[in-house]
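S.K.: What follows is a predicted structure for the sequence shown.
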Number of protein chains: 2
Amino acid sequence: MSSLRFEIDSRAGSGGRVGTLRLPHGDVETPAFMPVGTYGTVKGLTPRQLRGAGVQMLLSNIYHLAQRPGAETVARLGGIHRFMGWDGPVLTDSGGFQAFSLADHVKIDEEGALFRSPIDGARMLLTAESVVDLEVRLGVDVGMAFDVCVADPGDRRSAADGAARTLRWARRTRAAMSDGSPTSIFAIQQGGLFEDLRRENAAALVDLDFPGYAVGGLSVGEGREDTMRVAEAAVAMLPDAKPRYMMGMGTPLDLVELCGWGYDLFDCVLPTRNGRNGSVFTGGGTLSIRNACHADFDGPLEDGCDCEACIGFSRGYLHHLAKRGEMLGAILCSLHNVRFYQRLMSEIRAALSADLYDGFRRGFRARYEEGSGGTDG
Amino acid sequence: MSSLRFEIDSRAGSGGRVGTLRLPHGDVETPAFMPVGTYGTVKGLTPRQLRGAGVQMLLSNIYHLAQRPGAETVARLGGIHRFMGWDGPVLTDSGGFQAFSLADHVKIDEEGALFRSPIDGARMLLTAESVVDLEVRLGVDVGMAFDVCVADPGDRRSAADGAARTLRWARRTRAAMSDGSPTSIFAIQQGGLFEDLRRENAAALVDLDFPGYAVGGLSVGEGREDTMRVAEAAVAMLPDAKPRYMMGMGTPLDLVELCGWGYDLFDCVLPTRNGRNGSVFTGGGTLSIRNACHADFDGPLEDGCDCEACIGFSRGYLHHLAKRGEMLGAILCSLHNVRFYQRLMSEIRAALSADLYDGFRRGFRARYEEGSGGTDG
């Protein structure tokens, strides 16, 4: 059996649910948002600051860590938790998305994906089996099966081929998994924008009895309407009793929709990437701290926010730091954004628990869109 | 009277002393090292992290803040402490050093220094009186009198002229100071590398009865032997009962010497500048974390160090971050260096208190030089 336990504590009429994901390095309240620490660091923030912002679980990437500093080094430095100085749960993506996003440097065949480094030409072969091996060696709490993410999810032939290979790799992944391992591996559903392909793919993956399931291959360039249509349809294809992870999607408005449908896990680079650029999330929409209107403003980034940036500093000061290119500006805006996301997840869980989700969702959207002038992200 | 109180708690035979500098925003144990926050931020570190590293007092710069974001803005945002989110004592340099280091963009005459911005051509006149006014308006605990720092301290004519003008400006500074102000202004001794000029300058400044005195115009390009000769001679020219601040000098070996002679306050950019470059201070000398020898090393930057970087992370991880150009590498190395400096000051105070300073100084130097291959900084 897997070392993961997933308990659903309450359900909303919308389909959303609140639960607890119990992992070797701790419990995670779901729905949960994982900040992204690709190279073993959430950019600009210490583990202590992440904890202080309420983060319970981080995402990292097995492909990037295997490239640099290399799996042997991470293992020698005590595994991913000791390496990063983060004692909470860690989930790693498998490199399937990188095989898609770095396509110019990758050859994919039935065996796996051969990456050629654009820097030094070094080669690395990732296969279903080697990814499991890497995830287990690094000691991650949750690893992702190696999957095929297609370039054009709207092309039926390529979506079908990608889903079929993803399934064959999932079978190999399942065979490589050992019961009782502290690392639980999730399968990734593919099938592009085609609901019938997704249904067929999900059904076959569910037969393999993974401890959790993810929806992959969305938000890769298709329109938002397609994304949301497929996301809503896909969630019902995955087992209700297991954690359901929507990969790489995460504007605040995305999260509010997806949690209502019953997704449990999320990751996205937005809080930290936007923070470094001085783009700040608030309940009233996003603001750019570099905008001159903040120069003399003595209030916090967001009224009522309890993050270190809002407690300690004015928008005027953060504007000054951003204009001067001072690291501390990027740090404090990232910290606020990470805390904003954790507060949002907490509000989402509360609204789901109280079964007041539809009102919450509409209220959040109205306030957020008004402040952002109807834009998101 | 000044709102500053300085108490000498113990003395060592060497001339060094341990004391307490009581300022409106708190007490500072001396000898004290102030990290540099030129633009109102110690690069990459939050006030909370600085406190955690044992920092009691920060340095900032009235010239830079008056340029950007402007004194009006800092005042509107609550003064320098509220602005920076730092509730401890702050000392600001006056801009005298910038009039020297930015000489191409400055015209100096008897009235003051006219700075022309290389960015937008904006002009700013700093005078003895306007500097006092800025320091009081920003609410700093200690401000520095506006002084003349000469380009060639070994040229007697220019050293004499600079010292004479510094004295005339000090008289105007003294006249502009109001008794009972929460901001105490220190005079700066000048006189280049000439001990007789320094003695004459100091005597006249001491007659003006400032609440504290600094030695300026050293470490501006002259050789280390000259620097240390003048620094040792100059300390005895300043009143024993008042705080004595050596401006801008601060390798670990500098500090160990200067504290033995009776200096009480220091500032230097080295801990953070070096930290950003991955250059790390330890009792055994400096190390470059980018060096390949650290890649697989599971131990901390420095054995026995209690900083957040040493407690939580291996050299191997910090090497990885530095090689990837990750912000967190710069942050953690800066944090260690700042903590190293505070630990060093604490050891210095303990050795002075116990009157075991000469042995401490020799032991520190031997261990530090051995590890650094005889180099410093």
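M.R.: Alright, I've got the coordinates.
S.K.: quick one: contacts for the residue nearest the centre of chain A?
M.R.: The structure's chain A has its C-alpha centroid closest to A:Asp267; by CA atoms, centre = their mean the separation is 1.5 Å. With contacts defined as CB atoms under 8 Å, 6 or more residues apart in numbering or on different chains, A:Asp267 is in contact with A:33-36, A:59, A:91, A:93, A:247-248, A:250. (Glycine included, C-beta is placed from N, CA and C.)
S.K.: now do 7 Å
M.R.: Counting by CB atoms under 7 Å, 6 or more residues apart in numbering or on different chains, A:Asp267 makes contact with A:34, A:36, A:59, A:247-248, A:250.
S.K.: filter the residues you listed to the buried ones?
M.R.: Taking 16 or more other CB atoms under 10 Å in any protein chain shown as the criterion, what is buried in the contacts of A:Asp267 is A:34, A:36, A:59, A:247-248, A:250.
S.K.: now these as a markdown table including pLDDT, secondary structure and distance to B:Ser279?
M.R.: Supplementary listing: those in a markdown table, determined by pLDDT from 0 to 100; DSSP: H, G, I helix; E, B strand; the rest coil; distance: CB to CB, whole Å:
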| residue | pLDDT | secondary structure | distance to B:Ser279 |
| --- | --- | --- | --- |
| A:Met34 | 98 | strand | 33 |
| A:Val36 | 98 | strand | 29 |
| A:Leu59 | 98 | strand | 31 |
| A:Met247 | 97 | coil | 39 |
| A:Gly248 | 94 | coil | 37 |
| A:Gly250 | 95 | coil | 37 |
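S.K.: Which ones, among those residues, also lie beside chain B?
M.R.: Contacts with chain B within those, counted by CB under 7 Å from any CB of the partner chain: none were found.
S.K.: So, low pLDDT: which residues of chain A?
M.R.: Within chain A, the stretches with pLDDT under 70 are A:1, A:373-377.
S.K.: list the contacts for A:Val131?
M.R.: Applying CB under 7 Å, 6+ apart, the residues contacting A:Val131 are A:62, A:94-95, A:146.
S.K.: Same list, those, but only the ones touching chain B.
M.R.: With CB under 7 Å from any CB as the criterion, the contacts of A:Val131 include none near chain B.
S.K.: Of the residues you listed, which is the most crowded?
M.R.: Taking other CB atoms under 10 Å in any protein chain shown to define a neighbour, the member of the contacts of A:Val131 with the most is A:Phe146, carrying 31 neighbours.
S.K.: What residues does the stretch 51-200 of chain A have near chain B?
M.R.: With CB under 7 Å from any CB as the criterion, the stretch 51-200 of chain A meets chain B at residues A:68-69, A:73, A:76-78, A:83, A:85.
S.K.: would you turn those into a markdown table with distance to B:Ile331?
M.R.: Output for these, formatted as a markdown table (distance: CB to CB, whole Å):
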| residue | distance to B:Ile331 |
| --- | --- |
| A:Arg68 | 19 |
| A:Pro69 | 19 |
| A:Thr73 | 21 |
| A:Arg76 | 24 |
| A:Leu77 | 19 |
| A:Gly78 | 21 |
| A:Phe83 | 17 |
| A:Gly85 | 12 |
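S.K.: Run through the strands of the stretch 1-150 of chain A in chain order.
M.R.: Applying DSSP state E, counting those that start in this stretch to the stretch 1-150 of chain A gives strands spanning A:5-11, A:17-23, A:26-30, A:32-35, A:58-61, A:90-93, A:106-108, A:113-116, A:123-126, A:142-144.
S.K.: Correction: the previous question concerned the stretch 201-350 of chain A.
M.R.: For the stretch 201-350 of chain A, the strands defined by DSSP E, counting those that start in this stretch cover A:213-215, A:244-246, A:265-268, A:279-282, A:285-288.
S.K.: Next one: the residue lying farthest from the centre of chain A from chain B, what distance?
M.R.: When distances are taken from the C-alpha mean of chain A, A:Asp296 lies farthest, 35.8 Å away, according to CA atoms, centre = their mean. A:Asp296 sits 5 Å away from chain B when distances are taken as CB to the nearest CB, to the nearest Å.
S.K.: Please look at that residue and B:Arg76 and confirm they touch.
M.R.: Yes: if you go by CB atoms under 7 Å, A:Asp296 and B:Arg76 touch, sitting 5.2 Å apart.
S.K.: Checking my notes, A:Ala187 in a strand, right?
M.R.: Yes: under DSSP: H, G, I helix; E, B strand; the rest coil, A:Ala187 sits within a strand.
S.K.: residues in contact with it?
M.R.: Counted by CB under 7 Å, 6+ apart, A:Ala187 has contacts A:145, A:170, A:205, A:208, A:210, A:213.
S.K.: filter the residues you listed to the buried ones?
M.R.: Buried, going by 16+ other CB under 10 Å: A:145, A:170, A:205, A:210, A:213, out of the contacts of A:Ala187.
S.K.: and the longest helix along chain A with chain B, contact?
M.R.: Ranked by number of residues, the top helix in chain A under DSSP state H is helix A:327-353. Yes: applying CB under 7 Å from any CB, one finds helix A:327-353 touching chain B at A:327-328.
S.K.: Which residues belonging to the next helix or strand after that helix are considered buried?
M.R.: Later in the chain than helix A:327-353, the nearest helix or strand by DSSP states H and E is helix A:357-371. If you call a residue buried by 16+ other CB under 10 Å, then helix A:357-371 has these buried ones: A:357, A:360-361, A:364, A:368.
S.K.: circling back to that earlier point, nearest to B:Ala351, of the contacts of A:Asp267?
M.R.: Nearest to B:Ala351 out of the contacts of A:Asp267 is A:Val36 (CB to CB; 47.1 Å).
S.K.: thinking A:Tyr341 is in contact with A:Ala32, fair?
M.R.: No: counting by CB under 7 Å, A:Tyr341 stays clear of A:Ala32, with 10.1 Å between them.
S.K.: on that earlier part again, got the strands of the stretch 1-150 of chain A as TSV, with distance to A:Arg156 columns?
M.R.: Below are the strands of the stretch 1-150 of chain A laid out as TSV (distance: least, CB to CB, whole Å):
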stretch	distance to A:Arg156
strand A:5-11	33
strand A:17-23	32
strand A:26-30	33
strand A:32-35	32
strand A:58-61	29
strand A:90-93	26
strand A:106-108	19
strand A:113-116	23
strand A:123-126	26
strand A:142-144	25
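S.K.: before we move on, back to that, a markdown table for the buried residues of helix A:357-371, including distance to B:Arg22?
M.R.: Shown next, in a markdown table, are the buried residues of helix A:357-371 (distance: CB to CB, whole Å):
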| residue | distance to B:Arg22 |
| --- | --- |
| A:Tyr357 | 57 |
| A:Phe360 | 53 |
| A:Arg361 | 56 |
| A:Phe364 | 51 |
| A:Tyr368 | 50 |
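S.K.: any idea which of the residues you listed is the one closest to chain B?
M.R.: Using CB to the nearest CB, A:Tyr368 comes nearest to chain B of the buried residues of helix A:357-371, at 27.7 Å.
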